[in-house]
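*Asks:* This is the structure alone, sequence omitted:
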C-alpha cells in the first residue's frame, strides 16, 4: 500500500527522471504514471514508476523510471493460456541499470535488499548505460536495480498482462493499492 | 537507389535528429541506421531513416528520423498468412509530424509531393508534437510528413514485415538499394 501523498511524490520524482531522459509526456498523461510498490509498502527500496505508452492485445511499450538504488524485484513472465508468455526487451534511455539475469554468478554492483537473499536468487549482473539493451524470453527470470542517479528504461514487449507476472518473493502482490493519508 | 555517399549523409542527418531527441545509439548501432528511398531515388523528398531498437517474431520497436519536409509515403500493413497485419503505434519524440490518415478531409499543412496527388489519397491530417501519438489498425492507410525542423518518431508494433507493406504508389519498392558512387 502507498499513501496518496507518497504516490504523488513518487510520480513527481518519476517525471523528473523522464525529463532528464527527454521523454515528454502530454499534460493529461502525467497523472497516468503508476507508482508500484509490489504490495511491499516500501517503494523507495522495492518498487518502480511505470508509464505505459501503449498497450494493445498484441504489444506493449512502456517506460520505467527507477529511483536511485530502487529495485524492481525478481520476476518472470509465464505462459497464459494460448500466449507463450511475454517476451520483453529493455533498453536504457538514461542513467545506469544493474540488470540481473540467469547465468553464472558475477561480481555485483546491485545490492540485494537487506534480508531478501532468499527471494533474489539470480546473481548474474550486466551493467547497462544509455542504449544498453537486453531481450528476455518468456519464463526467463530477471530483476533490476537503478544506479546512484536512477535510471529510465524502455520496455518493449509482446502483450503485457502485468497482474499475471510471477515473482520469486511470495509476499509480492502486483496490484498496488493507493490509500488516503 | 541511393548512392553510398548520399546514404552516409542521410545517416549523419538522422543521427543529428536522434541526438536532438536525446535518443542514444551505441557506437556499433550507428551504422545500422537505414536510409530508405522507397525505390524512388529522391530520399530528401520521399524517404525515411529508420533505426530498429528490436525486432522479434512477436513485436518491433523502431525510431524513425524524418528530415525537414521529408515524406513517408502512403501505405498500409496487410494481412500476412496467419498474421492479421501489423498494428502500429507512432509517438513523436521530437519535432513536428504531419500525420495523414483515413477520415474526412481537413485543412493540410503537409504538402503532397509535386505530381503525386494520385498516389497520396488521404486528406485527413493531425499535427503531432512531442508525446503526440496514434495507433493504426492493420489495413488502415497512413502517410507522414515532417515539419520544418524534421521529426523523430517512435514506432511500436506487432511483428513487422516491412517488405510486405503495401503502398498506394505503384512505383515504390520497399527495399532500398545502396550503390557505389
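*Replies:* Now that the structure is in, tell me what you want to look at. All values reported here derive from a predicted model rather than from experimental measurement.

*Asks:* Can you name the residues that contact residue A:109?
*Replies:* Residue A:109 sits next to A:98, A:125, A:127, A:147 when contact means CB atoms under 8 Å, 6 or more residues apart in numbering or on different chains. Any C-beta I mention is one placed from the backbone N, CA and C, and that applies to glycine too.

*Asks:* Get me the contact residues on chain A for chain B.
*Replies:* Where chain A comes near chain B, counting by CB under 8 Å from any CB of the partner chain, the residues are A:21-26, A:29, A:53-54, A:56, A:58-59, A:61, A:87, A:89, A:91, A:93-94, A:130-133, A:135, A:154, A:156-158.

*Asks:* Looking at chain A, which residue is nearest chain B?
*Replies:* Residue of chain A nearest chain B, by CB to the nearest CB: residue A:22 (3.4 Å).

*Asks:* Which strands and helices lie in contact with the helix or strand containing residue A:95?
*Replies:* Remark: residue A:95 resides in strand A:88-101, with elements defined by DSSP states H and E. Strand A:88-101 sits against helix A:4-20, strand A:59-66, strand A:124-128, strand A:133-136, strand A:142-158, strand B:48-55, with contacts defined as 3 or more CB pairs under 8 Å, 6 or more residues apart in numbering or on different chains; DSSP states H and E.

*Asks:* The second one versus strand A:88-101: what angle between them?
*Replies:* Direction vectors for strand A:59-66 and strand A:88-101, defined by axes from the mean of the first three to the mean of the last three CA atoms, to 10 degrees, enclose an angle of 40 degrees.

*Asks:* pLDDT at residue A:80, what is it?
*Replies:* We have a pLDDT of 87 for residue A:80.

*Asks:* I'd like the distance between it and residue A:165.
*Replies:* Shown here: residue A:80 relative to residue A:165, a distance of 10 Å by CB to CB, to the nearest Å.

*Asks:* more neighbours, those two?
*Replies:* More crowded of residue A:80 and residue A:165, by other CB atoms under 10 Å in any protein chain shown: residue A:165, with 17 against 13.

*Asks:* Would you confirm that that one contacts residue A:72?
*Replies:* No: between residue A:165 and residue A:72 there is no contact under CB atoms under 8 Å: 10.8 Å.

*Asks:* What about the closest residue to residue A:17 other than its chain neighbours, how many residues nearby?
*Replies:* Once flanking residues are discounted, residue A:17 sits nearest to residue A:65: 4.1 Å by CB to CB, 6 or more residues apart in numbering or on different chains. Residues lying near residue A:65 (other CB under 10 Å) number 30.

*Asks:* before we move on, what about residue A:127?
*Replies:* A count of nearby residues for residue A:127, using other CB under 10 Å, gives 15.

*Asks:* ditto for residue A:5
*Replies:* A count of neighbours around residue A:5, defined by other CB under 10 Å, yields 10.

*Asks:* quick one on the thing from earlier: which one of the helices and strands packed on strand A:88-101 lies closest to residue A:176?
*Replies:* Residue A:176 lies closest to helix A:4-20 among the helices and strands packed on strand A:88-101, at 8.4 Å (CB to CB).

*Asks:* ok so, going back, quick one: the contacts of residue A:109 as a markdown table, columns for distance to residue A:46 and pLDDT too.
*Replies:* Listed next are those as a markdown table, based on distance: CB to CB, whole Å; pLDDT from 0 to 100:
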| residue | distance to residue A:46 | pLDDT |
| --- | --- | --- |
| A:98 | 14 | 98 |
| A:125 | 17 | 98 |
| A:127 | 20 | 98 |
| A:147 | 16 | 98 |
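
*Asks:* Just the buried ones out of those residues, please.
*Replies:* A:98, A:125, A:147 (16 or more other CB atoms under 10 Å in any protein chain shown).

*Asks:* still on that earlier bit, deepest-packed of the helices and strands packed on strand A:88-101, please.
*Replies:* Each of the helices and strands packed on strand A:88-101 was scored by mean neighbour count; the highest is strand A:59-66, a mean of 25, by mean count of other CB atoms under 10 Å in any protein chain shown.

*Asks:* re the thing from before, ok, the contacts of residue A:109 vs residue A:49, which is closest?
*Replies:* Distance to residue A:49 across those (CB to CB) is lowest for residue A:147, with 15.9 Å.

*Asks:* so the closest one touches residue A:97, yeah?
*Replies:* Yes: using CB under 8 Å, residue A:147 is in contact with residue A:97, at 7.0 Å.

*Asks:* quick one: common contacting residues for these two?
*Replies:* Common neighbours of residue A:147 and residue A:97, using CB under 8 Å, 6+ apart, are residue A:127.
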